[in-house]
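Engineer: curious how this folds, go ahead:
(chains A, B, C and D)
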There are 4 protein chains.
Amino acid sequence: VIRAAVLGASGYTGAEVLRILVGHPAIEVVAVCADRSAGARLSAVFPQFRGRLDLELERVDPAALAARADVAFSCLPHGDSARLVAALVEAGVKVVDLSADFRLRDVAEYAAWYGGGGHEHPAPALLAEAVYGLPERHRAAIRGARLVASAGCFPTAAILALAPLLERGLIGARGIIVDAKSGVSGAGRATSLGSHFSEIGESVRAYKVAGGHRHTPEIEQELGRAAGEGLRLTFTPHLIPMVRGILSCGYATPSDPELPAAAYQAALEEAYRGEPFVDVLGQDALPDTAHVRGSNRAQVAVRLDARAGRVLAISAIDNLVKGAAGQAVQCMNLVLGLSETAGLGGVAMFP
Amino acid sequence: VIRAAVLGASGYTGAEVLRILVGHPAIEVVAVCADRSAGARLSAVFPQFRGRLDLELERVDPAALAARADVAFSCLPHGDSARLVAALVEAGVKVVDLSADFRLRDVAEYAAWYGGGGHEHPAPALLAEAVYGLPERHRAAIRGARLVASAGCFPTAAILALAPLLERGLIGARGIIVDAKSGVSGAGRATSLGSHFSEIGESVRAYKVAGGHRHTPEIEQELGRAAGEGLRLTFTPHLIPMVRGILSCGYATPSDPELPAAAYQAALEEAYRGEPFVDVLGQDALPDTAHVRGSNRAQVAVRLDARAGRVLAISAIDNLVKGAAGQAVQCMNLVLGLSETAGLGGVAMFP
Amino acid sequence: VIRAAVLGASGYTGAEVLRILVGHPAIEVVAVCADRSAGARLSAVFPQFRGRLDLELERVDPAALAARADVAFSCLPHGDSARLVAALVEAGVKVVDLSADFRLRDVAEYAAWYGGGGHEHPAPALLAEAVYGLPERHRAAIRGARLVASAGCFPTAAILALAPLLERGLIGARGIIVDAKSGVSGAGRATSLGSHFSEIGESVRAYKVAGGHRHTPEIEQELGRAAGEGLRLTFTPHLIPMVRGILSCGYATPSDPELPAAAYQAALEEAYRGEPFVDVLGQDALPDTAHVRGSNRAQVAVRLDARAGRVLAISAIDNLVKGAAGQAVQCMNLVLGLSETAGLGGVAMFP
Amino acid sequence: VIRAAVLGASGYTGAEVLRILVGHPAIEVVAVCADRSAGARLSAVFPQFRGRLDLELERVDPAALAARADVAFSCLPHGDSARLVAALVEAGVKVVDLSADFRLRDVAEYAAWYGGGGHEHPAPALLAEAVYGLPERHRAAIRGARLVASAGCFPTAAILALAPLLERGLIGARGIIVDAKSGVSGAGRATSLGSHFSEIGESVRAYKVAGGHRHTPEIEQELGRAAGEGLRLTFTPHLIPMVRGILSCGYATPSDPELPAAAYQAALEEAYRGEPFVDVLGQDALPDTAHVRGSNRAQVAVRLDARAGRVLAISAIDNLVKGAAGQAVQCMNLVLGLSETAGLGGVAMFP
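Structural biologist: Okay, the predicted model is just below:
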């Protein structure tokens, strides 16, 4: 059996990694770490684990963990994560990092978006080695990696729908817009007025618009790879009154205005043929977060707006599963040479 | 006192017109019509009116109504509405029509979007006379009208944010995208799987995308007027799990890439100076449906995404008030020469 | 015009008092106080007031307020409230206190439930003078009061349904159970994990059960007055995933097992005949919070469970209106000799 | 491998049985039946099964099914279910019936609650043989059964919390009250105004009160068995604005007023020691539907209200899992001699 540790186990993504690992046939969870709650039982923080995973939360000690765990998931905040991840990797632990610390290839980009006061990347050498953790795009590289930077939630949704179209030259790299809608769990467990029930129980609003959200460069990086050229896009996240789920709508310009809708449809179907976690919908259905909730699946669909000359690439994921914990486990499966779908076979919980 | 009748009083927009009229200082509601529920008391259909408006629902009889009412609101489905509205107008009743029947200036457009099997407009002559009921854009014309076609919910949100920018030439008329999110009350009171609580309690999805929604030509018509040229745009409506509210995000291309954000901000502020129902937010705040719920106000904001070369024009309204019943009463006030804000002074209900 | 001040204007009940006062024909709001937000504009804290009530939040200064205001609403936390209220009353300002400080007649009860570490009531003399602010029970006393202790949200719901039955001897005073369900706005605007959207978006739970909730003695006091004897009851509050509304279900034992359902129905109808804000439903309908939302109305209903020998007294209110701000304004109207319904005529916002 | 058929696969409980069976290690789903949708693919009705269970929905044909399936789950409406279940059992198929048809031991009770116009039970002989499907109460009998009547959702919640206290004589059998709150999925997938999103998005209401709900005799039957005497109780179901979950609060009278809270706590702990699906909470925590969502677990807790002389027995379940599909699979596991927890190991999905 493979021994796993989860760092940042008192947050929502940590809990979701644990929920999946408890059902994983090849994994035993040996350590759950959360500095601020150290000493408490996991089930005191998350009652759903009572009698199922009765570990005590502990402080993160990379050296000690290295002796006890084969693989670690970091659900820590960026910055904190990089330092501990670096220590774990050096000590020989395979790591899947769910923070943003190792996602951007370019240290200058990292400093620009995540720095502050001349802040530099805590482990630039390791950054060069880390693999971007979106298996549908980088499966081979993930297989051999020591460190995987599991893709962000909004990027996963946006990239899965748009990248195949860019890669095949069906849409232009300029002027892409991603308008995304997220459930509130994406904001985490730390309380704030912005996540206060009474404020958002009947509210929808955009936030960090016009280049203000840190997932922007991550989407640009991966879509740029697909396009074969650098690109800049407009990304608009919205908060909507539900707990889980992201719906992303990407808008792009057709490269060839004469191309029929079927060409875009065929591109997605070709790109995802045989993919266990991407469900390409036909022209008769549209993605719905309710149909992927709790599962590691993404629904993707493409539509041609021939009247107005636009292509729409729409996708739905569960932000905590395919957008975080499920994807991280999928990456771990690849890293460890397990079946890619191990522990991830659950059908979405609908209704 | 002015006597008002409401046609289609058993639906949500009808009920909302009545809620507002009950608090209107110059209006007495004399008739509530709903063919299918005729004979029942209004309070049996909508319990909130018990003891406040204990009228009996009746069948629509235009000739009889003309003798009893000075003004009528039609909340009937399109097609049905036009026929009855025409009879009422001919009989001398001022009418505010909340259906789509008199919104599109072009009968061919009407036939293309609302027809079916060679269906033609039921009252083309009256169509030429009807005024589009968005007071912030057509106040003077509404004042003298016999028939006002109260603007649709999505169009109201989209037009208020984008029209001033087009009118001033700040953004291009080509390639506009409107991505809008609506609460479920916009789908009305008729039951369907698409409005079934368990299906959408934790769901977000797009629908009628890529030129499939009938509000598309309405938005195009009014933005085309503002631009001074015909235009086609992409409109994507989404359904989100809340009852009331629309958030609309319009994406456009700056006419002059060098223009600073302040120029767009100034345009909105100039356009809406003194408007009682449009709240132009500054660069430090973004629209939120929770802050306009139950009120006739629209929040609008504009942002420049200088990195990607886009302008975002964002707005929030209550779809049943500024997007329907409140706007209709605002139009009625103008038609009747009353204070434009009469009956519409309520502050939004937050939380 | 009568000049009003609102203390604690940065919380939900403060905002709701202001929403109502803005539409009140006889009142001008002259001061909005909130120590922690002093200096900010009200509209920065609650955007719905932009352009409608552009006052600056100020620190509470009773002496200065006495010169500017005729009446004051205190929405401050208990303890804090009593001290400032006492100063205002002494300075000649009429006060409606929405905190719990002056609701319990018995200082020992106050100390037992609200004290802590030998904490005593800050103004026991004034406590003897204060009137319990539930107009349907104490209208005459409220009319002449200098200080009204506006009734709590759960107590209002429970008392309105049960008191008439106790008063008429139809149900026994022993063994009453009140099982109540509240929207989250009742917990206020201070953030906590218990009001965090993701924790309660799909959650229902009881809290402070078995004699743990401070509204217990308040319900007992008023039902005891109605019964003519002291009583103890079981009160169980629940938190449910909606913003506004309380549904209360009271269970009691019939005094006479042979009495038919009609007798209980008649008692409620007699008790509330002519009451503007209590809607007694018939045997064919049950209370629903959606039908009173945003309004000052209570729906009450009674049912006899003849099989099991129980009487159910059910009620629905909006916790922020009839359960707080609306009731406070209703009390103020009585205190000032205004029409009891002034400013409170709004029909519930449904849907 | 064991071959399973699901009757009534187009409804929510049918879908939930399938979700669980897809992850069950010993079961292969060989038939999905739904008369009205026959011919359609399951994934057209429930998109979450695309690529996971691509069967075609078929009409129910008991004789043909008997040749193909070893076990069948009936999620059909009562009445319909009994007839088909009887045919299947006679043909040698083991059946778990999720309808109410075989839950009440007394045919007169069945006729009184489920009949109509002299309607009698369709298979009274089989009724005598059927076992009530609540494993924590009837495990041994379920093991040998041909037909299990899986317990209802409200009864499961109420019985698990109250039965151990009755059985041990800690509470009286007279005067019990069960006040329960359910998510909307319990009302099924058939559309109605009562399940229309806009009607209940911010609503809570009681329904079928005072002896009007058909789960009343089922709760009475099982609590009567536990008490060793017949009993009648008051059951009040409520509908609250969430999709899944039931919270039940049972009120009872202590048999011995001097008994401390610890005695009730000890009773629950003793009753459920070793039970895989019942989590007895301590005096420091209360049940929450969010903590059992998607899992087959029940949380139960007991509190003594010493002030008022009441015992509260509180429980939380997922109405579609422990209240329906999960419990049915648990029963099937027992019937087939499989591990009772097979396929049911998932941790609750929180948040």
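Engineer: residue ranges of the helices in chain A, please?
Structural biologist: In chain A, the helices defined using DSSP state H lie at A:12-22, A:42-45, A:62-68, A:80-90, A:107-114, A:124-129, A:135-143, A:153-167, A:197-200, A:215-227, A:261-272, A:326-335.
Engineer: who's in contact with the second one?
Structural biologist: Counting contacts by C-beta atoms under 8 Å, 6 or more residues apart in numbering or on different chains, the residues outside helix A:42-45 that touch it are A:9-10, A:18, A:32, A:34, A:37, A:49-51, A:53-57. In this view, the C-beta of every residue, glycine as well, is placed from N, C-alpha and C.
Engineer: do the same with the fifth one
Structural biologist: Outside helix A:107-114, the residues within contact range by C-beta under 8 Å, 6+ apart are A:78-79, A:100-101, A:104, A:119-121, A:124, A:127, A:214, A:216-217, A:221.
Engineer: top of these by neighbour count?
Structural biologist: Neighbour counts for the contacts of helix A:107-114, by other C-beta atoms under 10 Å in any protein chain shown, peak at A:D101, which reaches 29 neighbours.
Engineer: look up how far A:A82 lies from it.
Structural biologist: 4 Å (C-beta to C-beta, to the nearest Å).
Engineer: please enumerate the shared neighbours of those two.
Structural biologist: When contacts are counted by C-beta under 8 Å, 6+ apart, A:D101 and A:A82 are jointly contacted by A:H121, A:P122, A:A123.
Engineer: tell me the least confident of these?
Structural biologist: Comparing pLDDT over these singles out A:P122 as the least confident position, at 85.
Engineer: now, of the contacts of helix A:42-45, which are buried?
Structural biologist: Among the contacts of helix A:42-45, those classed as buried by 16 or more other C-beta atoms under 10 Å in any protein chain shown are A:A9, A:S10, A:L18, A:V32, A:A34, A:S37, A:F49, A:R50, A:L53, A:L55, A:L57.
Engineer: possible to save those residues as JSON lines with pLDDT and distance to chain C?
Structural biologist: Output for those, formatted as JSON lines (pLDDT from 0 to 100; distance: C-beta to the nearest C-beta, whole Å):
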{"residue": "A:A9", "pLDDT": "98", "distance to chain C": "16"}
{"residue": "A:S10", "pLDDT": "97", "distance to chain C": "11"}
{"residue": "A:L18", "pLDDT": "98", "distance to chain C": "16"}
{"residue": "A:V32", "pLDDT": "98", "distance to chain C": "19"}
{"residue": "A:A34", "pLDDT": "96", "distance to chain C": "15"}
{"residue": "A:S37", "pLDDT": "95", "distance to chain C": "12"}
{"residue": "A:F49", "pLDDT": "98", "distance to chain C": "16"}
{"residue": "A:R50", "pLDDT": "96", "distance to chain C": "16"}
{"residue": "A:L53", "pLDDT": "96", "distance to chain C": "20"}
{"residue": "A:L55", "pLDDT": "97", "distance to chain C": "21"}
{"residue": "A:L57", "pLDDT": "98", "distance to chain C": "16"}
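Engineer: ok so, going back, pick the one among the contacts of helix A:42-45 closest to chain D.
Structural biologist: A:R50 (5.4 Å; C-beta to the nearest C-beta).
Engineer: check the burial of the nearest residue to A:Q299 once chain neighbours are set aside by counting its neighbours.
Structural biologist: Leaving out its chain neighbours, the residue that sits closest to A:Q299 by C-beta to C-beta, 6 or more residues apart in numbering or on different chains is A:P287, at 3.8 Å. The number of residues packed around A:P287, counting by other C-beta under 10 Å, is 27.
Engineer: state the pLDDT value of A:P287.
Structural biologist: At A:P287, the pLDDT recorded in the model is 98.
Engineer: quick check: the gap between it and A:D279.
Structural biologist: Between A:P287 and A:D279 the computed distance is 9 Å (C-beta to C-beta).
Engineer: touching, A:G345 and D:R19? I think so.
Structural biologist: No: applying C-beta atoms under 8 Å, one finds A:G345 not in contact with D:R19, separated by 11.1 Å.
Engineer: report how many residues lie close to A:R19.
Structural biologist: Neighbouring residues of A:R19 were enumerated by other C-beta under 10 Å; the total is 27.
Engineer: ok, back up a step: ok, the residue nearest to A:Q299 - contacts?
Structural biologist: Contacts for A:P287 were tallied using C-beta under 8 Å, 6+ apart; they are A:L247, A:L281, A:Q299, A:V300, A:A301, A:I314, A:S315, A:A316, B:R205, B:A206.
Engineer: leaving out sequence neighbours, find the closest residue to the fifth one.
Structural biologist: Spatially, and ignoring its direct neighbours in sequence, A:A301 is nearest to A:L281 (4.2 Å; C-beta to C-beta, 6+ apart).
Engineer: that neighbour contacts A:R303, correct?
Structural biologist: No: taking C-beta under 8 Å as the contact criterion, A:L281 and A:R303 are not neighbours in contact, 10.1 Å apart.
Engineer: ok so, going back, closest to D:E269 out of the helices of chain A?
Structural biologist: Each of those was scored for nearness to D:E269 using C-beta to C-beta, and the closest is helix A:42-45 (16.0 Å).
Engineer: where does chain A dip in pLDDT?
Structural biologist: Filtered on pLDDT under 70, chain A yields the residue ranges A:116-119.
Engineer: near chain C, which residues of it?
Structural biologist: Contact residues (C-beta under 8 Å from any C-beta of the partner chain) of chain A with chain C: A:12, A:183-185, A:187, A:189, A:191-193, A:195-198, A:200-202, A:241-243.
Engineer: quick check: residues of the stretch 1-150 of chain A near chain D?
Structural biologist: A:12, A:15, A:18-19, A:22-23, A:46-53.
Engineer: show me what contacts the closest residue to chain D within the stretch 201-350 of chain A?
Structural biologist: Among the residues of the stretch 201-350 of chain A, A:A348 lies closest to chain D, at 3.9 Å counting by C-beta to the nearest C-beta. Contacts for A:A348 (C-beta under 8 Å, 6+ apart) come out as A:A290, A:H291, A:V292, A:R293, A:G294, A:S295, A:R297, A:D318, D:R19, D:Q48.
Engineer: is it true that the third one touches D:R50?
Structural biologist: Same thing as A:V292. No: between A:V292 and D:R50 there is no contact under C-beta under 8 Å: 10.5 Å.
Engineer: pull the number of nearby residues for the nearest residue to A:E199 once chain neighbours are set aside.
Structural biologist: Of all residues beyond its chain neighbours, the one nearest A:E199 is A:L193 (5.9 Å), with distances taken as C-beta to C-beta, 6+ apart. Using other C-beta under 10 Å as the criterion, A:L193 is surrounded by 11 other residues.
Engineer: quick one, phi psi at the residue of chain A most remote from its centre?
Structural biologist: Taking C-alpha atoms, centre = their mean, the residue of chain A most remote from its mean C-alpha position is A:E258, at 34.8 Å. With angles defined as degrees, to the nearest 10, A:E258 shows backbone torsions of phi -90, psi -10.
Engineer: quick one: it from chain B, how far?
Structural biologist: Taken as C-beta to the nearest C-beta, to the nearest Å, the spacing of A:E258 relative to chain B amounts to 17 Å.
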